[in-house]
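In: Pasting the sequence and the predicted coordinates here, then a few questions.
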Amino acid sequence: MPRWILAIAALGALFIVLPIAGMTGRVDWAHFGSLVTSPSAVTALLLSLRTAAASTVLCLVLGVPMALVLARSRFPGQRLVRAAVLLPLVLPPVVGGIALLSTFGRRGLLGQSFEVLGLQIAFSTTAVVLAQTFVALPFLVLSVESTLRASGARYEAVAATLGATPSVVFWRVTLPLVLPGLVSGAVLAFARALGEFGATLTFAGSLEGVTRTLPLEIYLQRETDPDAAVALALVLVAVAVVVMVATHRPRVLS
Amino acid sequence: MKPGRRPAAAVVLVLATGLTAGCAGQAGSGPPSAAGAPSAFSGTLTVFAAASLTGTFTALADRFEVAHPGVTVTLNFAGSADLVTQITEGAPADVFAAADTKNMARLADAGLVTGKPAVFATNTLEIAVPPGNPAQIGSFADLARPGVAVVTCAPQVPCGAAAAKIEEATGVSLTPVSEENAVTDVLGKVSSREADAGLVYVTDVAAAGDSVQGIPFPESDRAVNSYPIGVVAGSAQAALGASFARFVTGAAGRKILAAAGFGAP
């Protein structure tokens, strides 16, 4: 590898690591413990972990079939559909929030029908999960789809010729085959859900214990207690690092 | 020196002024022609103002520029707390106008305010409801009715602190469905009809036009927010900044502020 590539790569890494290090330098270590264990901080962290876990499950349930359809079938308008599905990746989250509001809000497309059924999504934890799923889903679809394409359809074809039904092929062949992509996609989706801010604030609001996730708590603490905001930001970084390191291992394909 | 007509030229000019001021170790802009005329000033004045002042300060800056040819006023609007953070982190501001005295005090505590800030306006809360008032809100106590989706600001921000003060004074305790970071977020939840009612400033209701309906309530006088304006310490445009502050607190400022719904100090 040419040296200049190493130099640029190092510069890029520094660009990401330096701001995190800079933030760590701002942490008020003497009060760190009390800042991150305040009742509002703990409530926000637990809410974040709960909602991000729920969103990840939702992403898996919806995303794997989406990835399969995109990777294994041919239909007119497929490229358009893929572009639409990946749209939340490039949309500013606040735009996602407005879109969700106009669909699931009290006056929204579906929200009005839900209201009749006695279900209110606005200002609820469900709204947080919906916002997180909206922005995290493309990460899972993209990851699983690329794994599916890389692994090819040979094993699935062989299983089918041996008499396995399509469902058996899915559970016994396809799913184990894409497990590495599934895991890394789920991790990415979880991390993205954990960091969700704009769509949540726009669509779900901000109330302690109900909709105020850790990013929203950090944003609010910044107003009055910048030290608490920095301490909580570090907690979020730590959680993200732990999740990535623990599950994002190099792929082992059998 | 020829006063810059274009903003870019003005920026260069102010940078140059800042540099010379830094080298010579002198604050203030000594006008080359000390004729004492109102147009003796030149360059760019950077004003950091609370988000609730967006409409009024834009109008005031235009008037000020007309009164002082050669002066360009650059405005930066955000939440008062955000602006204090920006200035303490080194953002180049000449004048700071806050939505409450607490945030001005924070900047003064950091040693970044010259002289004593002057209060130029007051603001009180008002109930905002979607057009047609679907939840039939008529009083502050109505906000505590079960089933009414009320949105307020979080107690950490000025509009939320004011709401908490009124709750305390009246004994009516609200259970909001959301506590937002900014008054504009509260307004958004009301105008989109997600919330049945929200607590915002009188001036926000006036600025929102037809998208919300305002319901004044007598208890609002229990929490009056004062808006102070001050010159930022170390400003290279201290004299011009002081002149702008006088303009805001003076008759011209009063007229524009009153038209927007702000109370007299």
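Out: Okay, I see it.
In: tell me which parts of the stretch 101-250 of chain A are close to chain B?
Out: Proximity of the stretch 101-250 of chain A to chain B (C-beta under 8 Å from any C-beta of the partner chain) is limited to residues A:101, A:105-107, A:122-123, A:201-202, A:204-208, A:211-212, A:219-224, A:226. Glycine gets a C-beta too; all of them are placed from N, C-alpha and C.
In: For the chain, just list every one of the strands.
Out: No chain in the question, so chain A it is. Taking DSSP state E to define them, one finds no strands in chain A.
In: oops, I was thinking of chain B
Out: Counting by DSSP E, the segments of chain B that form strands are B:43-50, B:71-78, B:95-97, B:113-123, B:125-129, B:150-153, B:178-180, B:197-201, B:213-215, B:225-232.
In: Columns mean pLDDT, mean neighbour count and distance to chain A on top of those, output as TSV?
Out: Below are the strands of chain B laid out as TSV (pLDDT from 0 to 100; neighbours: other C-beta atoms under 10 Å in any protein chain shown; distance: least, C-beta to the nearest C-beta, whole Å):
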stretch	mean pLDDT	mean neighbour count	distance to chain A
strand B:43-50	94	25	13
strand B:71-78	94	19	11
strand B:95-97	97	28	16
strand B:113-123	94	18	18
strand B:125-129	96	26	14
strand B:150-153	95	28	7
strand B:178-180	94	26	3
strand B:197-201	95	30	11
strand B:213-215	96	17	16
strand B:225-232	95	24	15
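In: Of these, which is nearest B:Ala59?
Out: Distance to B:Ala59, taken as C-beta to C-beta, is lowest for strand B:71-78 among the strands of chain B, at 10.8 Å.
In: Among the residues of the stretch 101-250 of chain A next to chain B, name the buried ones.
Out: Using 16 or more other C-beta atoms under 10 Å in any protein chain shown as the burial test, those include A:101, A:105-106, A:122-123, A:201-202, A:204-208, A:211-212, A:219-224, A:226 as buried.
In: Filter the residues you listed down to the ones in helices?
Out: Judged by DSSP state H, helices contain the following of those: A:Leu101, A:Leu201, A:Thr202, A:Tyr219, A:Leu220, A:Gln221, A:Arg222, A:Glu223, A:Thr224, A:Pro226.
In: where in chain B is pLDDT low?
Out: For chain B, the stretches with pLDDT under 70 are B:1-39.
In: beta partners of the residue lying closest to B:Leu75 once chain neighbours are set aside?
Out: Among residues not flanking B:Leu75 along the chain, B:Val47 sits closest, at 5.4 Å (C-beta to C-beta, 6 or more residues apart in numbering or on different chains). In this entry, B:Val47 is beta-bridged to B:Leu75, B:Val95, by DSSP bridges.
In: wait, B:Val47 sits on B:Val73?
Out: Yes. With contact defined as C-beta atoms under 8 Å, B:Val47 reaches B:Val73; the gap is 6.0 Å.
In: Helices along chain B, start to end?
Out: Applying DSSP H to chain B gives helices spanning B:7-24, B:54-67, B:80-88, B:101-109, B:158-170, B:183-191, B:202-208, B:238-249, B:251-259.
In: Of those, which is nearest B:Ala118?
Out: Judged by C-beta to C-beta, the one of those that comes nearest to B:Ala118 is helix B:238-249, at 5.1 Å.
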